[in-house]
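Q: curious how this folds, go ahead:
(one chain, ligands or ions: 1)
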Amino acid sequence: MISQVLLALVVFAVLESVLNSPVLQVAQSQKKRFSSQQNAVIPLEYDETGKCIYVKSEEGVYMFTSPGSAQVCGFYVIADPQHTVHFTFHAFRISCEKGGLLSVVDGWELNGQFFPGTEDHPKPAEKRFAEYCGENRPWKTQVTSQNVGLLEFRIPVKGEGFTVSIEFQPNPKPCNAVLQQPSGVYTLRNYGQRVNCTMSIIFPETFQILASSVGTQSMPVTGRTMDVETGIVKKCKKLGSEDYVEVRGGDGLDPSMMTVAEDFCGMDSVPGRSSVDVACGNSAVRLVSSGRFENSVTVSFDLLMDWGSPSLVCPTLLETP
Ligand SMILES: *[C@@H]1O[C@H](CO)[C@@H](O)[C@H](O)[C@H]1NC(C)=O
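A: Presented below is the predicted three-dimensional model:
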């Protein structure tokens, strides 16, 4: 829970500084110049409290040099939901004999929990990690399946480390995503696939369904498409539908370990009147698809301010640390 809060604060701090920065416009106009200026290497350093947890939402060349500590460090990278993260190593020296190791994770990991959840990731769990040590840099560019990726590393030998460039590339069919902003509008789609997609936010949130077409719009190949406004139907999973949306909340990153606040399906293009309030450290919307329908759901979300009658409460969030 402590690290969860820490991560949320770091993410928030990063976003605050990026979004509210008066130099944002200046930075954007300078972006071209910066990227052509190739040797602008960004050092990753231990903070005042001796921690080496970094959250970055910008492309660039990052460098870590060990001060000689065996601590496990985390370099969390987040792009916007329509991009994947590419890791390319330039310099690399991590002695295997001294217990050094670097792991490239396809997703985020925190306190043993993963995003995307172990059930929903397109790759099996063991394929989500690539581990390296030694003198040779990993030659292949590592590409994530969604907008978040992580480097976890332990480099005990002073002076050893790595240099990695981070690039964001367009993802034409995004499925899973961690959202950076605590408020906005987001659409989940399955593109007719048998796939489960989750959008996750590291804050307590209130959700409103703006539009839904889940389990109703048949695939064009199977004949005429139906366009019947069924309205929003609740408890679809219980009613036997294989296509539905879940609003979830929990204390960690893995959506499959979160509790369902509400599930629904159906077709509705009129914004719902009621909201789903999730009083938990992590909130998520998960679209479960059988592959027989072209599903989409659009929700608006905002930080939960009115804690009066939440749909779901996570007791741990209310505990004072
Ligand atoms: C999606 O989730 C449902 C329910 O959790 C599960 O039964 C199904 O196998 C999942 N589909 C895929 C493609 O993982």
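Q: got the contact list for F64?
A: P43, L44, C52, C73, F75, F153, I155, G161, F162, T163 (C-beta atoms under 8 Å, 6 or more residues apart in numbering). For every residue, glycine as well, the C-beta is placed using N, CA and C.
Q: going through the residues you listed, which ones are buried?
A: Buried members of those, counted by 16 or more other C-beta atoms under 10 Å: L44, C52, C73, F75, F153, I155, G161, F162, T163.
Q: tell me, how many residues neighbour the residue lying closest to the fifth one once chain neighbours are set aside?
A: Spatial nearest neighbour of F153, excluding adjacent residues (C-beta to C-beta, 6 or more residues apart in numbering): L102 at 4.1 Å. L102 is surrounded by 24 other residues when neighbours are defined as other C-beta atoms under 10 Å.
Q: now do the buried residues in whichever strand or helix holds L102.
A: Using DSSP states H and E, L102 maps to strand 101-105. Counting neighbours by 16+ other C-beta under 10 Å, one finds that the buried residues in strand 101-105 are L101, L102, S103, V104, V105.
Q: same question for stretch 184-202.
A: If you call a residue buried by 16+ other C-beta under 10 Å, then stretch 184-202 has these buried ones: 186, 188-190, 192, 195-202.
Q: I'd like to know how far the residue nearest to F153 sits from E205.
A: From L102 over to E205 the distance is 34 Å, taken as C-beta to C-beta, to the nearest Å.
Q: follow-up on the earlier one: which one of the buried ones among the contacts of F64 is nearest the ligand?
A: For those, the minimum distance to the ligand (C-beta to the nearest ligand atom) is 28.5 Å, reached by F75.
Q: which SS state does that closest one fall under?
A: Under DSSP: H, G, I helix; E, B strand; the rest coil, F75 falls in the strand class.
Q: near the ligand, which residues of the stretch 151-300 of the chain? Just list them.
A: For the stretch 151-300 of the chain, the residues in contact with the ligand (C-beta under 6 Å from any ligand atom) are R194, V195, N196, V288.
Q: in TSV: those, plus pLDDT, secondary structure and distance to S69.
A: Listed next are those as TSV, based on pLDDT from 0 to 100; DSSP: H, G, I helix; E, B strand; the rest coil; distance: C-beta to C-beta, whole Å:
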residue	pLDDT	secondary structure	distance to S69
R194	95	coil	45
V195	95	coil	41
N196	96	strand	39
V288	96	strand	43
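Q: distance to V270 for those - can I get that in TSV?
A: Formatted as TSV, those follow (distance: C-beta to C-beta, whole Å):
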residue	distance to V270
R194	29
V195	27
N196	26
V288	23
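Q: farthest-apart pair in the buried ones among the contacts of F64, please.
A: By the measure C-beta to C-beta, C52 and T163 form the most distant pair in the buried ones among the contacts of F64, at 15.9 Å.
Q: if we can go back for a sec, tell me the two of the contacts of F64 that are most distant?
A: Spatial extent of the contacts of F64 (C-beta to C-beta) is set by the pair C52 and T163 at 15.9 Å.
Q: of the buried residues of strand 101-105, closest to L303?
A: Distances from L303 to these, taken by C-beta to C-beta, are shortest for V105, at 27.7 Å.
Q: state the distance from the nearest residue to that closest one once chain neighbours are set aside to the ligand.
A: Ranked by C-beta to C-beta, 6+ apart and with sequence neighbours excluded, the top spatial neighbour of V105 is L150, at 4.1 Å. Distance of L150 to the ligand, computed by C-beta to the nearest ligand atom, to the nearest Å: 22 Å.
Q: same thing with R128?
A: In terms of C-beta to the nearest ligand atom, R128 sits 15 Å off from the ligand.
Q: now the buried ones among the contacts of F64 in CSV, with secondary structure?
A: As requested, the buried ones among the contacts of F64 are exported to CSV (three-state DSSP):
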residue, secondary structure
L44, strand
C52, coil
C73, strand
F75, strand
F153, strand
I155, coil
G161, strand
F162, strand
T163, strand
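Q: out of those residues, which is nearest to V143?
A: Nearest member of the buried ones among the contacts of F64 to V143, counting by C-beta to C-beta, is F75, at 16.1 Å.
Q: isn't that closest one up against Y54?
A: Yes: applying C-beta atoms under 8 Å as the test, F75 and Y54 come out as touching, 4.8 Å apart.
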